[in-house]
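S.K.: structural data only, the sequence is not supplied:
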């Protein structure tokens, strides 16, 4: 059975952010840490070596494939920040219209710096993502630790 590569670890989130060499990216990463932590009310956890995630949900597809993933998260990549929100939610696309300067992939929203985005919309995206995943997979499949 396929196993997702990105799993939660016990690595220190603060040590990871402290290791970021670019001072502005490090500052923005700490700001994102505050925004995500305050908005979710959850403790951050490293997922793999470079993603900071919050909570988790268990999914199971009709194909039988199942696994666990974080509810929301972010990663301070070299080029830009990757923000992880639920996919497949039409409300996400509506919120992104007011988000600011970003690029979007299938699963990620990419931003260069926090000054480019609306932090109120970021908070709304976090709330909406968690609500969508809870509605989709059921409260019993959500972990908010």
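M.R.: The structure has been received and is ready for your questions. Everything quoted here is computed from the prediction, not taken from an experiment.

S.K.: how far does the lowest-mean-pLDDT helix or strand in the chain sit from the chain's center?
M.R.: The weakest-scoring helix or strand in the chain, judged by mean pLDDT, DSSP states H and E, is strand 66-69 (a mean of 85). When C-alpha coordinates are averaged (Cα atoms, centre = their mean, to the nearest Å), strand 66-69 and its chain have centres 15 Å apart.

S.K.: from the contact counts, what lies against that strand?
M.R.: strand 56-60 (3 or more Cβ pairs under 8 Å, 6 or more residues apart in numbering; DSSP states H and E). Where C-beta positions appear, they are placed from N, C-alpha and C, glycine not excepted.

S.K.: neighbouring strands for the strand it packs on, and are they parallel or not?
M.R.: According to DSSP bridges, the neighbouring strands of strand 56-60, each with its direction, are strand 66-69 (antiparallel), strand 142-143 (antiparallel).

S.K.: any regions of this structure where pLDDT drops low?
M.R.: Low-confidence segments of the chain, defined by pLDDT under 70: 1-5.
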